[in-house]
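1. coords below, sequence missing:
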Ligand SMILES: [Ca+2]
């Protein structure tokens, strides 16, 4: 940090850095506004993507620090969230799938909100924070709350357009045994409705009410708000769709399988194919690809607008100077990159995920290219709040990067999806798949980000890369051994 900025460090941070962290008075601790955005890949204006309208997240980044090379631990909802919220790495049997429950996979662990609750915070969960709202019920000071979808008789998908409901009824008449709530309608809709018709608009309203209420308390709060969009289906008010013309969309630069990629690296985009009017196999039409891309972008802008309402409320309540804001997406997303839609893969487009932290007095629009991962959030918030870090954490506090974004940090980060285990270094990303019965590597891929940032050429079998491939495989093996040996407290 330049010397001229040192005066900006508030007293509470100096106290953290210079003395016993637990000596801080409870009422002096900063509030935490913890914003999760489901399936948000780092395609935002503040990430250099000027075609995206994300003014509110951009404004947060201008007051925060943007972690430009941040990675999730598992590119699927439930598993990613369980790892992030526990601060523990995944393994072949821990934090594996979308429906992961932390309390089942790692029982007895003190999760991030529970830890803050035990240190005097009022902890509140709104929307999609843990994948299952009733996972870790003791983590929250009051029961988690989520808004009802606009037509709950059609499940959680939140369809408001009568055309979508007609399509659902059509699908149901062809499948009379299927329940309405299990039928997925179209992959998108764009009716001319108010923001508050959909769940995320209702969630922002509730969050604003929570901020007003929590501001009056004497103890600090940890308010977690999990938005659903841009998760499928891409349902958002028409005004957000109108921000993106189909003629000027940025489509995937590489909608093809990388050269020499193993078959394990590619999937059939099954999550998307569950939706009505999407073919069960083969590529979607060009028109559908454009609409899906437009819909994904529209949902980003819709959610960005809801986040803006929360941040405006923070300002109007004069809470900003004592509130740390964390914004994260739970993993990346493919918009036909490598032929893929959705997540569930070991490419950069699935594993890289947004992370922005605004810490009053410490952040002012920094950006770091250091390699970071979601397990680093838990220890970072402990340090920023002046709490000792629990022993079970696998991550490293990001505070050194906040004070100096150029500070040397991690040599590598680790991510995995099912049997595919990845290591990402400054120059490379290497993934290997291991046969659990024979403990043998059955497939592998290596991308050289110095020359191939889009990951179009798998060079794992290229003799020129044999030394680096061997080295990265060994590092993965060491990490695997340590993570598999870690046991839950109970
Ligand atoms: Ca997700």
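-> Cool, got the structure. All figures in this text were calculated on a predicted structure; none of them were measured in a lab. Residues are numbered from 1 along each chain as shown.
2. quick one: name the residues of the stretch 51-200 of the chain near the ion.
-> Neighbours of the ion within the stretch 51-200 of the chain, by C-beta under 5 Å from the ion: residue 77. In this view, the C-beta of every residue, glycine as well, is placed from N, C-alpha and C.
3. again, only using 8 Å
-> 76, 77, 80, 81, 98 (C-beta under 8 Å from the ion).
4. is it possible to export those to CSV including neighbour count?
-> Formatted as CSV, those follow (neighbours: other C-beta atoms under 10 Å):
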residue, neighbour count
76, 26
77, 22
80, 29
81, 30
98, 15
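5. these in helices, which ones?
-> 77, 80, 81 (DSSP state H).
6. that older thread, let me have the residues of the stretch 51-200 of the chain next to the ion in CSV, adding distance to residue 359 and pLDDT as columns.
-> As requested, these are exported to CSV (distance: C-beta to C-beta, whole Å; pLDDT from 0 to 100):
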residue, distance to residue 359, pLDDT
76, 29, 98
77, 27, 97
80, 23, 98
81, 22, 98
98, 31, 95
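7. what's the closest of the ones in helices among the residues of the stretch 51-200 of the chain next to the ion to the ion?
-> Comparing those against the ion with C-beta to the ion places residue 77 closest, at 3.5 Å.
8. does that closest one touch residue 37 like I think?
-> No: proximity of residue 77 to residue 37 does not meet the contact threshold set by C-beta atoms under 8 Å, at 11.6 Å.
9. now do the residue in the stretch 201-350 of the chain that the ion sits nearest to: how many residues are near it, please.
-> Sorted by distance to the ion under C-beta to the ion, the residues of the stretch 201-350 of the chain start with residue 330, at 4.2 Å. Counted by other C-beta atoms under 10 Å, the residues lying close to residue 330 total 30.
10. could you measure from it over to residue 54?
-> Distance from residue 330 to residue 54, counting by C-beta to C-beta, to the nearest Å: 17 Å.
11. circling back: JSON lines for the ones in helices among the residues of the stretch 51-200 of the chain next to the ion, including distance to residue 293?
-> Putting these into JSON lines (distance: C-beta to C-beta, whole Å) gives the following:
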{"residue": "77", "distance to residue 293": "21"}
{"residue": "80", "distance to residue 293": "23"}
{"residue": "81", "distance to residue 293": "26"}
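12. dihedrals phi and psi, the residue of the stretch 201-350 of the chain closest to the ion?
-> Backbone torsions of residue 330, given as degrees, to the nearest 10, read phi -80, psi -10.
13. before we move on, what about residue 306?
-> Torsion angles, degrees, to the nearest 10, at residue 306: phi -70, psi -40.
14. any idea which element the residue nearest to it when sequence neighbours are not counted lies in?
-> In this structure, residue 306 finds its nearest non-sequential neighbour in residue 204, 3.8 Å apart by C-beta to C-beta, 6 or more residues apart in numbering. If you go by DSSP states H and E, residue 204 is part of helix 199-215.
15. if you rank every helix and strand of this structure by mean pLDDT, what lands last?
-> Sorting the helices and strands of the chain by mean pLDDT, DSSP states H and E puts helix 11-18 at the bottom, at a mean of 43.
16. and the next helix or strand after that one, what's buried?
-> Downstream of helix 11-18, the first helix or strand assigned by DSSP H and E is strand 31-37. Across strand 31-37, burial judged by 16 or more other C-beta atoms under 10 Å covers 31, 32, 33, 34, 35, 36, 37.
17. can you tell me how far the residue lying closest to the fifth one once chain neighbours are set aside is from residue 356?
-> Spatial nearest neighbour of residue 35, chain neighbours left out: residue 327 (4.6 Å); criterion: C-beta to C-beta, 6+ apart. Here the criterion is C-beta to C-beta. By it, residue 327 lies 5 Å from residue 356.
18. so what's in contact with those two at the same time?
-> 57, 60, 64 (C-beta atoms under 8 Å, 6 or more residues apart in numbering).
19. need those residues in JSON lines with neighbour count, secondary structure and distance to residue 160, can you?
-> Listed next are those as JSON lines, based on neighbours: other C-beta atoms under 10 Å; DSSP: H, G, I helix; E, B strand; the rest coil; distance: C-beta to C-beta, whole Å:
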{"residue": "57", "neighbour count": "28", "secondary structure": "helix", "distance to residue 160": "24"}
{"residue": "60", "neighbour count": "26", "secondary structure": "helix", "distance to residue 160": "28"}
{"residue": "64", "neighbour count": "27", "secondary structure": "coil", "distance to residue 160": "33"}
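20. how near is the one residue sitting closest to the centre of the chain to residue 85?
-> The chain has residue 330 as the residue nearest its centroid, 1.7 Å off, counting by C-alpha atoms, centre = their mean. Separation of residue 330 from residue 85 (C-beta to C-beta): 10 Å.
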